[in-house]
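[1] Quick one, structure for this:
(2 chains)
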Number of protein chains: 2
Amino acid sequence: MSNCDFFPDAAGIRPIKYSDGILRLIDQRRLPTEEVWLEYTDYHEVAEAIRSMVVRGAPAIGVTAAYGAFFGAQASKAEKYADFVTEFEQVCEVLAATRPTAVNLCWALERMKSLVRANADQPVGNLKIGLEYEAMAINEEDIRINMSMGRHGAALLPDQVRILTHCNAGALATGGYGTALGVVRAAVAAGKQVTVFADETRPFLQGSRLTAWELHQDHIQTILICDNMAGYLMSKGAIDAVVVGADRIAANGDVANKIGTYTVAVLAREHHIPFYVAAPTSTIDLQAADGSQIPIEERDSREVTHLGDQQLAPTGVAVFNPAFDVTPARLVSAIITQHGVARGNYTEQLAAFVQKDR
Amino acid sequence: MSNCDFFPDAAGIRPIKYSDGILRLIDQRRLPTEEVWLEYTDYHEVAEAIRSMVVRGAPAIGVTAAYGAFFGAQASKAEKYADFVTEFEQVCEVLAATRPTAVNLCWALERMKSLVRANADQPVGNLKIGLEYEAMAINEEDIRINMSMGRHGAALLPDQVRILTHCNAGALATGGYGTALGVVRAAVAAGKQVTVFADETRPFLQGSRLTAWELHQDHIQTILICDNMAGYLMSKGAIDAVVVGADRIAANGDVANKIGTYTVAVLAREHHIPFYVAAPTSTIDLQAADGSQIPIEERDSREVTHLGDQQLAPTGVAVFNPAFDVTPARLVSAIITQHGVARGNYTEQLAAFVQKDR
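    Numbers count the residues shown, from 1 in each chain, chains lettered A, B, ... in the order given. Now for the predicted structure:
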């Protein structure tokens, strides 16, 4: 198996392609005006691709990190299992340190490490082959999971629905198909009449650059707005449901997601609009009892003060740039996973969903 | 009187300067990186300056339109009063049509027309002189009003206060000193310890380009954030009060202001943070019973899809770009005017404030 392309007919772009030992990532920083694919075979470069947001989106980061871990293993000159394990764990540490909030990164690396731990009797060469297969399996499963999640989510939506989404939880944020946008795609596939309002999502503009781009490519009706317009639309009765993704979900159902998600959730509650979170079980972190235990990444001020080379703010002004926020479980109408939909008291249901993966 | 510069020591830039028959506007589209002053002597060009947002902010638009009306009058070749009036009313119509939401524009033009109406016995030459004086008076009064409003507003704030503001209701939005930022300046002048969190305010970025610029120039502690970060800050207990301006206030206290203001108001209520609106009585429109009667301007989609020449969204994507929204009176903790502070049931108090101007 050298090519990972199991769903040629699945709607939505595949942002992560692997074949013949080469990982290809679409450079998401250059969308929507340029479609540039970058090639990787070195785990340090993969780590930098995650850090610099060539690839972003919790599931996509997990998939990419898995390939990165394989490249790290591949490059190892260790012959003994113990040496190989030590080296491999260091590789995984480098990859894990690239982005702090999304837990799928750790989940994917943990899965790669488990394979190594479970096969201490194997020669190093076999472990390397196994890790390549495992990375491809994580990639392939992610798409299958998203399609399953999409069906569960679509069932929650009326036949005519105007959906607000924030950031990009689409094909580009995953192995393919998407989480929140997987729900959108499944609703469209089920014959529902769907309009998506896409928050542009400052400062990185994942909404205008990525969500609008991939939905536009799939001919799904999309209307782009600035983040601060969502409240006005809701007050005018123009939104029927909110569907977003997640970077980490705590055991109690608190949801860390792209900055601004919390504001959308408060607005949805104010206007009695359901607020749905679509995420695979790999996004659930049972170690985090609640949202207060989720680390929130702060990013460079330049993301706010500049756009490309264009300066938007006076030189020297102070900036606060948190990349994520936490939406408390009480504002979440339902959490959509590949195993089904959790509602109400999340603690038991999320734990049961995670149990199904074991 | 040929120079309108009564408050040389007032903090904050004067964005509208008039002397010797020439109106000078700082081009707010080029801030914060370039400080360019444009000169006007023709009312058509003044109208275009308002339309294209060389100058923006409800009070500043009013002041500018008053000078525009004077230029229109000045250029008239009419010798008879009746001809002059007809021509002058047409000039005012052109100016009034430039921006639909801010009512100060109509208020200022109405004041100019009243002067003409009240002096039907005067030769046209005298009317022109009178109109020049009236425009300068509107300009000068605006600053005085803002300083008065600032004192009333500052009294509402604690001695240590972290204020969130949206858009630019500063010196740049007025004749000088500012409405919301007038409150900030007055609080600083009163010795309070003030930190301002400035929403960048997409799509036109009045917050990052203008508010951050003018506060930074005045050495007032300012932290720039994206619009979608305000909710997170509030949830962390980092905001003590919200102070914004207004483009039009209905008789019942509903407030039309820059898009996103409504969202900030919903967030403020959710977090039990006072939400203050600072605006001169010229912003109050007693003809509009409530917010539903205020026209909401929609602007070009390019404001959302592009920044300068840089394309942010895929070609051909649909955009919704309302420039304002309406915050219902129930979410407004107090309305600060030059005559004092209105709270609770606004209808009587606002009417009484407007009455004081007559």
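[2] so where is chain A shaky, pLDDT-wise?
    Within chain A, the set of residues satisfying pLDDT under 70 comprises A:1-11.
[3] what about the nearest residue to A:N104 once chain neighbours are set aside, which helix or strand?
    Ranked by CB to CB, 6 or more residues apart in numbering or on different chains and with sequence neighbours excluded, the top spatial neighbour of A:N104 is A:G62, at 3.4 Å. All C-beta atoms are positioned from the backbone trio N, CA, C, and that covers glycine. For A:G62, the host element (DSSP states H and E) is helix A:58-74.
[4] now for that helix, which elements pack on it?
    strand A:16-19, strand A:22-26, strand A:37-40, helix A:43-51, helix A:81-96, helix A:104-117, helix A:124-154 (3 or more CB pairs under 8 Å, 6 or more residues apart in numbering or on different chains; DSSP states H and E).
[5] one more time with 10 Å
    Applying 3 or more CB pairs under 10 Å, 6 or more residues apart in numbering or on different chains; DSSP states H and E, one finds that helix A:58-74 contacts strand A:16-19, strand A:22-26, strand A:37-40, helix A:43-51, helix A:81-96, helix A:104-117, helix A:124-154, strand A:255-258.
[6] Out of those, which is the most enclosed?
    Across the helices and strands packed on helix A:58-74, averaging neighbours per residue (mean count of other CB atoms under 10 Å in any protein chain shown) puts strand A:255-258 on top, at a mean of 29.
[7] and the end-to-end length of stretch A:92-104?
    Distance between the two ends of stretch A:92-104: 13 Å, counting by CA to CA, to the nearest Å.
[8] same question, stretch A:281-291
    Note: stretch A:281-291 ends 16 Å apart using CA to CA.
[9] Ok, stretch A:14-22 next?
    Calculated as CA to CA, the first-to-last residue distance of stretch A:14-22 is 15 Å.
[10] got the angle between the helix holding A:G62 and helix A:104-117?
    With axes from the mean of the first three to the mean of the last three CA atoms, to 10 degrees defining the directions, helix A:58-74 sits at 40 degrees from helix A:104-117.
[11] roughly how far is helix A:58-74 from the heart of the chain?
    14 Å (CA atoms, centre = their mean, to the nearest Å).
[12] same question, stretch A:302-316
    Using CA atoms, centre = their mean, the offset of stretch A:302-316 from its chain centre is 27 Å.
[13] Using the record, which stretches count as separate domains in chain A?
    Split into domains by automatic domain parsing, chain A comes to A:16-147, A:151-355.
[14] can you redo those as CSV with distance to B:G72?
    Shown next, in CSV, are those (distance: least, CB to CB, whole Å):
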stretch, distance to B:G72
domain A:16-147, 44
domain A:151-355, 35
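[15] Which stretch among the ones you listed is buried most, on average?
    The most buried one of the domains of chain A (mean count of other CB under 10 Å) is domain A:151-355, showing a mean of 22.
[16] Endpoints of that one, how far apart?
    Separation of the first and last residues of domain A:151-355 by CA to CA is 21 Å.
[17] For chain B, what's the nearest residue on the stretch 101-250 of chain A?
    Nearest residue of the stretch 101-250 of chain A to chain B: A:N228, at 2.8 Å (CB to the nearest CB).
[18] Run through the residues that contact that residue.
    A:199-200, A:202, A:260, A:263, B:166-167, B:199-203, B:226-228, B:230, B:258-264, B:325 (CB atoms under 10 Å, 6 or more residues apart in numbering or on different chains).
[19] Which members of those occur in helices, if any?
    A:263, B:230, B:261-264 (DSSP state H).
[20] right, and the pair among these with maximum separation?
    For the ones in helices among the contacts of A:N228, with distances taken as CB to CB, the pair at the greatest spread is A:T263 and B:T261 (13.2 Å).
[21] Identify the contacts common to those two.
    What both A:T263 and B:T261 touch, as defined by CB under 10 Å, 6+ apart, is the set A:228, A:231.
[22] Tell me if I'm right that A:M149 and A:S282 touch.
    No. A:M149 is beyond contact range of A:S282, at 11.5 Å (criterion: CB atoms under 10 Å).
[23] Find the residues that touch each one of the two.
    What both A:M149 and A:S282 touch, as defined by CB under 10 Å, 6+ apart, is the set A:337-338.
[24] what's the nearest residue to the residue of the stretch 101-250 of chain A closest to chain B if we skip its chain neighbours?
    A:N228 sits nearest to B:G260 (CB to CB, 6+ apart), 2.8 Å away.
[25] What distance do you get for that neighbour to A:R30?
    Look at B:G260 and A:R30: by CB to CB, to the nearest Å, they are 28 Å apart.
[26] The residue in the stretch 1-150 of chain A that chain B sits nearest to: what secondary structure?
    As assessed by CB to the nearest CB, chain B sits closest to A:P32 within the stretch 1-150 of chain A, at 4.1 Å. Here A:P32 is recorded as coil under DSSP: H, G, I helix; E, B strand; the rest coil.
[27] what residues are up against it?
    By CB under 10 Å, 6+ apart, A:P32 lies in contact with A:205, A:208-214, A:216-217, B:305, B:311-315, B:317.
[28] Likewise for A:T33?
    Here A:T33 is in contact with A:209, A:213, B:310-315 (CB under 10 Å, 6+ apart).
[29] now A:A97
    With CB under 10 Å, 6+ apart, A:A97 has these contacts: A:47, A:50-51, A:105.
[30] cutoff 8 Å now
    A:A97 makes contacts with A:A47, as judged by CB atoms under 8 Å, 6 or more residues apart in numbering or on different chains.
[31] same deal with the one 5 residues further on?
    Contact criterion CB under 8 Å, 6+ apart gives A:58, A:61-62, A:247-248, A:283 as the residues in contact with A:A102.
[32] what does A:A69 give?
    A:A69 neighbours (CB under 8 Å, 6+ apart): A:43, A:88, A:91-92, A:95, A:108-109, A:112, A:131, A:135.
[33] can I get those in a markdown table with distance to B:Y346?
    Putting the contacts of A:A69 into a markdown table (distance: CB to CB, whole Å) gives the following:
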| residue | distance to B:Y346 |
| --- | --- |
| A:Y43 | 62 |
| A:F88 | 67 |
| A:V91 | 64 |
| A:C92 | 60 |
| A:L95 | 57 |
| A:A108 | 56 |
| A:L109 | 57 |
| A:M112 | 62 |
| A:L131 | 67 |
| A:A135 | 62 |
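[34] still on that earlier bit, from what I see, the residue nearest to A:N228 and B:T201 are in contact.
    Yes. Under the criterion of CB atoms under 8 Å, B:G260 makes contact with B:T201 at 6.5 Å.
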